[in-house]
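Asks: Sequence and predicted structure, then a few things I'm wondering about:
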Amino acid sequence: MKFEQIKELIKMLQETNISEFKYETSELNLSIRTKDFHKVKEVMVQPTMFQGAPMMSPQVQTLQNTAPASNEPIVEVKEEAPKADIKYIEIKSPMVGTFYRSSSPDKPIYVKVGDTINPESVVCLIEAMKLFNDVKAEVSGRIVKVMVEDASPVEYEQVLFLVEPL
């Protein structure tokens, strides 16, 4: 690819809403990011209906196994479901690593569903190569949903939280 072609490609990307473009061949590895790359993206969340047996987390299954001999299952509600047709802001992982909701198991979590946050609020930690990195919200709003389980691995740009703008 010639330099003039790359310049033309950059010009075309600026006229669209694409924030990142990657092109790879055996001879060339090209990555272009526009100024909008780090801006927060809004998403629409719509509830999904599934038929069949409900899936339960291991914590709920453990509660059921230790429940009295009643036929009614014990259900633990952790967070409220997002409302349909509302635009939510995604807080994404800035790196690959392990997601933690608190600085240690005996400390309180940074944020929970319903908490109001500002751009400087620390919402979680991500551990990468034995280094613990604070993740700041970079947005204002109210936490609607936590998308990742505590102490689970996360990928770069994986959605961690959904935030309702205030």
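Replies: That came through fine. Numbers count the residues shown, from 1 in each chain.
Asks: Surely Glu27 is in a helix?
Replies: No: the assignment for Glu27, made by DSSP: H, G, I helix; E, B strand; the rest coil, is coil rather than a helix.
Asks: Flag the helix or strand of the chain with the lowest per-element mean pLDDT.
Replies: helix 58-65 (a mean of 45; mean pLDDT, DSSP states H and E).
Asks: host element of Lys11?
Replies: Under the criterion of DSSP states H and E, Lys11 resides in helix 3-14.
Asks: which strands and helices sit next to the helix or strand following that helix?
Replies: Where DSSP H and E defines the elements, the next helix or strand beyond helix 3-14 is strand 20-24. Packed against strand 20-24 by the contact rule (3 or more CB pairs under 8 Å, 6 or more residues apart in numbering; DSSP states H and E) you find strand 29-33. For glycine as for every other residue, the C-beta is placed from the backbone atoms N, C-alpha and C.
Asks: Just give the closest residue to Ala128, not the sequence neighbours.
Replies: Gly97 (3.5 Å; CB to CB, 6 or more residues apart in numbering).
Asks: List the contacts of that neighbour.
Replies: Residues near Gly97 by CB atoms under 8 Å, 6 or more residues apart in numbering: Ile126, Glu127, Ala128, Met129, Asn133, Pro153, Val154.
Asks: Same check on Tyr100?
Replies: So Tyr100 contacts Cys124, Leu125, Ile126, Glu127, Phe132, Asp150, Ala151 (CB under 8 Å, 6+ apart).
Asks: tell me which of the contacts of Gly97 is nearest to Ser103?
Replies: Glu127 (10.6 Å; CB to CB).
Asks: helices or strands next to the helix or strand hosting the closest one in the packing?
Replies: Assigned by DSSP H and E, Glu127 falls within strand 122-128. The helices and strands touching strand 122-128, judged by 3+ CB pairs under 8 Å, 6+ apart, are strand 97-100, strand 131-136, strand 159-164.
Asks: Tell me which of these lies nearest to Lys2.
Replies: Of all these, strand 159-164 comes closest under CB to CB, at 37.6 Å.
Asks: Check which residues of that closest one are buried.
Replies: Neighbour-count burial for strand 159-164, counted by 16 or more other CB atoms under 10 Å, picks out Val159, Leu160, Phe161, Leu162, Val163, Glu164.
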